[in-house]
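**Q** Next comes the sequence, and after it the predicted model I'd like to discuss.
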Amino acid sequence: MSWRNLILSAVFLLATVGPAAAQSPAPAAPAPYTRHVFLVMVTGLTQKALAGSDAPNLKGLANAGVQFKHVGGVEPDTLAAQVSTLVSGLDPAGHGFVKAGDSLGGSSLPGLLEARGIKTALVGGGDSVAGLWAAKWAKPGPFANDREVVEAEIEGMNADQPFFSLIVLDGPGSGTGGLARADAAVGRLLQYLNQYGLYNQSLIVVTGTGENPALILRGWQLKEGAVLPAAGLVDVAPTLAELLGINLPASDGLVLWDALKAQPGENELYLLSRRVNDLSLALLAGRRKIYGLQENERQVAEERARVNAERDSYGQAIRQRDKEIERLHLWIKVIRALGFLALAAAGAGYLLLYRFLKKKFLFFT
């Protein structure tokens, strides 16, 4: 009897524990994270150039991430100014790096990373970007073509594994076929990332120079297949800083909240409200600047009117003085003429008197 009870107890235990074990939750998947950031600047890459070309890698990247219809560049439209704005989030007036040999005023995102001991890379761009920040892997070139630029970046990835990389490609700026070569170079980079399983853990930004440059963002924290209305190159650095948890001390740009994917505990409405709030504050600040400029213009107009009035007053006084001088010159001429006449009259009188006396008193024979 005891054996029977023991067997029934064992069967009951298996019946109760078995289903519980079968229903236990599977281990949670590791949270995604960003292992690398790639900022690719393609000179001459505009929205128009990209739309009218066969660039499968760039267009595929745009379709997989976020792209913008209208993108504001900076002035002056130099490569140095564009790249500096891209990494600092400052307008050229703020960073001052507009040509080769300039020094960057303010902080840059890769510079802050290097200060934390996080490796960065700067590849391509030549003298225009050399010395922009002290990158661990600095290979500004020059390079013969865009493929060599990307191979130099891959060499740096294999050697130092930089977290942040700025890659400057010639693209359409190198002439006919430049966009195709840049697209092939981007494809080579994407191939490398896929080969080593880094693509889904990479934050990739591709942009260009010129009027309405292209702007593409792709990463696990960003929306997929989204086409947004507008952004500026100055918005890239603050957006990347937000995604990476880095505080930029100063920035003229805005975080592109509408490009971000809602994370647990967030929703699209929250992100859109933050974007609207930032844009509203920027609009208010812009209006204040406009009002300030208008006030300055009014003051300049008043000062110009005052100066013109003074100039007219001085002109009138000068004209009156000139008239007085002309009148005095006329009087001098009249007095001079009268003097000559008086002298002539005196001479004639003397001559007449001489002849009269000569005849009367016969002083001379």
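**A** That came in fine, so what should we check first?
**Q** What strand or helix carries residue 168?
**A** Assigned by DSSP states H and E, residue 168 belongs to strand 164-169.
**Q** and the next element down the chain from that strand?
**A** Strand 164-169 is succeeded, C-terminally, by helix 178-195 (DSSP H and E).
**Q** what's the angle between that following helix and strand 164-169?
**A** 150 degrees (axes from the mean of the first three to the mean of the last three Cα atoms, to 10 degrees).
**Q** Can you name every helix or strand that helix 178-195 contacts?
**A** Under the contact definition 3 or more Cβ pairs under 8 Å, 6 or more residues apart in numbering; DSSP states H and E, helix 178-195 sits against strand 36-42, helix 56-64, helix 146-160, strand 164-169. For glycine as for every other residue, the C-beta is placed from the backbone atoms N, C-alpha and C.
**Q** name the element residue 296 belongs to?
**A** helix 268-361.
**Q** what is the mean pLDDT for that helix?
**A** Mean pLDDT, helix 268-361: 84.
**Q** One more: stretch 113-132?
**A** Here the average pLDDT along stretch 113-132 is 94.
**Q** Buried residues in stretch 95-105, which are they?
**A** 95-98, 102, 104 (16 or more other Cβ atoms under 10 Å).
**Q** Present those as JSON lines; the columns should include secondary structure.
**A** Below are these laid out as JSON lines (DSSP: H, G, I helix; E, B strand; the rest coil):
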{"residue": "95", "secondary structure": "helix"}
{"residue": "96", "secondary structure": "coil"}
{"residue": "97", "secondary structure": "coil"}
{"residue": "98", "secondary structure": "coil"}
{"residue": "102", "secondary structure": "coil"}
{"residue": "104", "secondary structure": "coil"}
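**Q** Out of those residues, give me the two with the largest separation.
**A** Across these, no pair lies farther apart than 98 and 104, at 10.4 Å, counting by Cβ to Cβ.
**Q** residues contacting residue 64?
**A** For residue 64, the contact set (Cβ atoms under 8 Å, 6 or more residues apart in numbering) comprises 218, 224-225.
**Q** could you redo the last one with a cut-off of 10 Å?
**A** 199, 204, 216, 218, 222, 224-225 (Cβ atoms under 10 Å, 6 or more residues apart in numbering).
**Q** now do residue 315
**A** Counted by Cβ under 10 Å, 6+ apart, residue 315 has contacts residue 308.
**Q** How about residue 238?
**A** So residue 238 contacts 88-89, 109, 246, 248, 250-256, 278 (Cβ under 10 Å, 6+ apart).
**Q** at 6 Å instead, please
**A** 89, 248, 251, 253, 255 (Cβ atoms under 6 Å, 6 or more residues apart in numbering).
**Q** pLDDT score for the second one?
**A** Residue 248 carries a pLDDT score of 92 in this model.
**Q** Return the residues in contact with it.
**A** Residue 248 neighbours (Cβ under 6 Å, 6+ apart): 89, 238, 241.
**Q** what's the distance between residue 338 and residue 361?
**A** 33 Å (Cβ to Cβ, to the nearest Å).
**Q** what about residue 86, which helix or strand?
**A** Going by DSSP H and E, residue 86 is in helix 79-88.
**Q** what's the model's confidence in that helix, averaged?
**A** Helix 79-88 shows a mean pLDDT of 95 in the predicted model.
**Q** can you give me the offset of that helix from its chain's centre?
**A** 6 Å (Cα atoms, centre = their mean, to the nearest Å).
**Q** quick one, that helix and strand 36-42 angle?
**A** 150 degrees.
**Q** Go ahead and name everything in contact with helix 79-88.
**A** Applying Cβ under 6 Å, 6+ apart, the set of residues contacting helix 79-88 is 41, 74, 92, 95, 97-99, 106, 108-110, 128-129, 209, 233-234, 236-237.
**Q** ok, now stretch 218-232?
**A** With contacts defined as Cβ under 6 Å, 6+ apart, stretch 218-232 is touched by 32, 61, 63-72, 203-204, 215, 243, 256, 258-259, 261.
**Q** The residues you listed in helices, which ones?
**A** 61, 63-64, 243 (DSSP state H).
**Q** follow-up on the earlier one: quick one: which of the contacts of residue 64 is nearest residue 271?
**A** Nearest to residue 271 among these, with distances taken as Cβ to Cβ, is residue 222, at 11.2 Å.
**Q** Can I get stretch 146-154 in CSV? Just the C-alpha atoms.
**A** Extracted C-alpha coordinates of stretch 146-154, given in CSV (Å, rounded to 0.1, in the frame of the first residue of the first chain):
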residue,chain,number,x,y,z
ASP,A,146,36.1,57.6,-52.1
ARG,A,147,36.9,53.9,-52.0
GLU,A,148,40.3,54.6,-50.5
VAL,A,149,38.6,56.8,-47.9
VAL,A,150,36.3,54.0,-46.8
GLU,A,151,39.1,51.4,-46.8
ALA,A,152,41.1,53.8,-44.5
GLU,A,153,38.0,53.9,-42.2
ILE,A,154,37.8,50.1,-42.2
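**Q** Tell me the buried residues in that stretch?
**A** For stretch 146-154, by 16+ other Cβ under 10 Å, it's 146, 148-154.
**Q** Distance check, residue 224 against residue 69.
**A** Going from residue 224 to residue 69 by Cβ to Cβ gives 17 Å.
**Q** Please apply the same query to residue 50.
**A** The value you get for residue 50 to residue 69, if Cβ to Cβ is used, is 12 Å.
**Q** higher neighbour count, those two?
**A** Shown here are residue 50 and residue 69; by other Cβ atoms under 10 Å, residue 50 has more neighbours (23 against 12).
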